[in-house]
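Participant: how would this look folded up:
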Amino acid sequence: MQNGYEQIFDFKEEQALVQHLVYMASIGYGYTKMSTCIQRIAKEYAISLNKNNCKNENSEHLINIWFYGFLKRLESFYFPCKKCIS
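Facilitator: Residues are numbered from 1 along each chain as shown. Model prediction:
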């Protein structure tokens with residue numbers, strides 16, 4: 001646990017997720033910071049990495065907790081998006 005938030009991914013895994021988000025933004029599929037798509041992508045990524053803590057009934061809550069920690073760790077990260085909806 002880091003900064004009171006659940007850590008699902010290690011540094012390298014989280015960097016790969018960031019690189020994916022940056023790539024998607026570069027081809028016109030950016031996400032807002034509060035986009036639920038990021039949580040869905042993170043959950044699918046965690047399952048693909050065989051993260052057992054993301055395969056149970058509490059996984060949605062766990063992903064949400066991770067997501068807010070992720071935003072904290074990347075406060076300066078800009079999520080460029082084609083249509084930023086507030």
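Participant: When you work out contacts or count neighbours from here on, use the C-alpha atoms and nothing else.
Facilitator: Noted.
Participant: Count the residues that sit near residue 32.
Facilitator: With neighbours defined by other Cα atoms under 10 Å, the count for residue 32 comes to 17.
Participant: Return the distance of it relative to residue 38.
Facilitator: The gap separating residue 32 from residue 38 is 9 Å, by Cα to Cα, to the nearest Å.
Participant: and what of residue 56?
Facilitator: Using Cα to Cα, residue 56 is found at 19 Å from residue 38.
Participant: So for those two, which residue has more residues nearby?
Facilitator: Taking other Cα under 10 Å, residue 56 and residue 38 do not tie; residue 38 has more neighbours (18 against 9).
Participant: what helix or strand is that one on?
Facilitator: Using DSSP states H and E, residue 38 sits in helix 36-48.
Participant: got a list of what residue 49 touches?
Facilitator: With contact set as Cα atoms under 8 Å, 6 or more residues apart in numbering, residue 49 has no partners.
Participant: tell me which strands and helices the helix or strand of the chain with the lowest mean pLDDT is in contact with?
Facilitator: Least confident helix or strand of the chain, by mean pLDDT, DSSP states H and E, is helix 59-73 with a mean of 84. Applying 3 or more Cα pairs under 8 Å, 6 or more residues apart in numbering; DSSP states H and E, one finds that helix 59-73 contacts helix 36-48.
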